[in-house]
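# What would the 3D arrangement of this be:
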Amino acid sequence: MEYLLQVKIGALFGLLLLTLLFGFIPARVKWFRAANGTENHGIVLSLISCFAGGVFLAACLLDIIPDYLSDINDVLESKRVETSFPLPEFIIAAGFFFVLIIERIVLNCRNSAGTHDERAPLIQTNSSVHGLSHNQDLEASGQHIHVDFHAHSSFRSFILFLSLSLHSMFEGLAIGLQNTDSKVLEICIAILVHKSIIVFSLSVKLVQSAVPPLWVVAYIGVFAIMSPLGIAIGIAVTEAQLESGALIQAVLEGLAAGTFVYITFLEILPHELNSSDRQLLKVLFILLGFSVMAGLTFMG
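Numbering: from 1, shown residues only. Coordinates of the predicted model:
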């Protein structure tokens with residue numbers, strides 16, 4: 001077995017194991033799953049969630065969308081497609097509206113079941129937020145802390161998982177298609193660092209949603225497999241010397257980017273900012289999460 005192939009296989013297993021490790025920390029540690037506790041416990045959980053929101057915002061604006069735009073423009077240029085219509089942006093919008101339409105259909109079908117959390121408005125007023133039946137009221141030292149542990153619907157959590165998983169597979173594909181071991185290691189290290197943060201944040205979001213614990217474990221397991229799967233596909237394409245489906249990959253990336261735009265701006269950020277408690281501190285932690293990912297992106 002040649003050295004380059006050994007490096008790619010090593011990257012495959014490294015990504016799999018580290019993603020599982022960081023993903024199972026919030027999923028299996030009871031502290032993250034507790035729906036009640038002390039005032040400090042509620043505050044820390046809320047700030048961790050805000051940090052995760054900043055991570056997803058950075059992943060959306062600095063990672064997923066730029067990667068997709070670069071890939072789709074390269075494909076269009078290679079195929080000599082020239083048009084004044086903003087096709088790359090239209091594909092993102094298609095992904096956005098696809099999720100919006102599917103979600104509305106799903107929620108309308110569930111109306112008769114009386115499920116409240118998935119029929120709640122995406123952006124809630126303070127009065128409606130404090131009226132949710134799933135809220136946990138934490139009282140300590142005579143103070144009232146509002147923590148909305150089930151604001152995330154299971155459907156939106158699934159869409160978040162799906163869009164991140166598709167992007168993760170494309171990242172793995174980029175590793176598998178490389179033809180030098182130094183480039184494989186460079187890309188793999190970058191993905192390891194930022195994917196560890198993202199899978200931890202994803203796990204936190206899933207834990208705080210209505211997703212059952214066993215499904216959280218299943219989601220993290222599948223998410224962990226996606227990058228190795230992409231590497232395996234890239235290795236197969238490279239070894240067989242086949243033409244890669246660059247256009248199909250770029251279109252799928254665009255649809256995934258559109259779904260992630262939907263989740264980031266209509267689910268994650270409104271959830272973190274839907275209460276008037278400690279707004280400035282929450283914004284600071286969102287900024288902190290964004291800055292960490294921005295710093296990793298800047299360093300390459």
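
# and the next element down the chain from the strand or helix carrying residue 222?
Following DSSP states H and E, one finds residue 222 within helix 213-240. Of the helices and strands lying after helix 213-240 in sequence (DSSP H and E), the nearest is helix 246-263.

# got the angle for the helix holding residue 222 vs helix 246-263?
160 degrees (axes from the mean of the first three to the mean of the last three C-alpha atoms, to 10 degrees).

# Surely residue 79 is in contact with residue 87?
No. Using C-beta atoms under 8 Å, residue 79 is not in contact with residue 87; the gap is 11.7 Å. Heads up, the C-betas are built off the backbone N, CA and C, glycines and all.

# Counting by contacts, list what the helix or strand harbouring residue 14 packs against.
Per DSSP H and E: residue 14 is located in helix 3-28. Applying 3 or more C-beta pairs under 8 Å, 6 or more residues apart in numbering; DSSP states H and E, one finds that helix 3-28 contacts helix 30-33, helix 154-176, helix 181-207, helix 213-240.

# What are the buried residues along the shortest one?
Just to be clear, that refers to helix 30-33. Judged by neighbour count using 16 or more other C-beta atoms under 10 Å, the buried positions of helix 30-33 are residue 32.

# Does anything pack onto that helix? Which helices or strands?
helix 3-28, helix 181-207.

# which one of the ones you listed is the most hemmed in?
helix 181-207 (a mean of 20; mean count of other C-beta atoms under 10 Å).

# pLDDT (mean, whole number) over that helix?
Taken as a whole, helix 181-207 has a mean pLDDT of 78.

# what do you get for stretch 236-251?
For stretch 236-251, the per-residue pLDDT averages 70.

# same thing with stretch 55-64?
Averaging pLDDT along stretch 55-64 gives 85.

# Which one of residue 79 and residue 87 is surrounded by more residues?
residue 87 (14 against 10; other C-beta atoms under 10 Å).

# The more buried one contacts residue 76, doesn't it?
Yes. Between residue 87 and residue 76 there is a contact at 7.2 Å, judged by C-beta under 8 Å.

# so can I have CSV of the helices and strands packed on helix 30-33 showing distance to residue 99?
Below are those laid out as CSV (distance: least, C-beta to C-beta, whole Å):
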stretch, distance to residue 99
helix 3-28, 23
helix 181-207, 16
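
# which one of those helices lies closest to residue 100?
Taking C-beta to C-beta, helix 181-207 is the member of the helices and strands packed on helix 30-33 nearest to residue 100, at 19.2 Å.

# now the angle between helix 246-263 and the closest one, please.
30 degrees.

# could you say what helices and strands helix 181-207 packs with?
helix 3-28, helix 30-33, helix 39-58, helix 154-176, helix 213-240, helix 279-299.

# Now with 6 Å, please.
helix 3-28, helix 39-58, helix 154-176, helix 213-240 (3 or more C-beta pairs under 6 Å, 6 or more residues apart in numbering; DSSP states H and E).

# picking up where we left off before, if we compare the helices and strands packed on helix 3-28, which one ends up closest to residue 56?
helix 181-207 (6.4 Å).

# so how far is the closest one from its chain's centroid?
11 Å (C-alpha atoms, centre = their mean, to the nearest Å).

# residues contacting the nearest residue to residue 187 once chain neighbours are set aside?
Excluding the flanking residues, the one nearest residue 187 by C-beta to C-beta, 6 or more residues apart in numbering is residue 175, at 5.3 Å. By C-beta atoms under 6 Å, 6 or more residues apart in numbering, residue 175 lies in contact with 11, 184, 187-188, 231.
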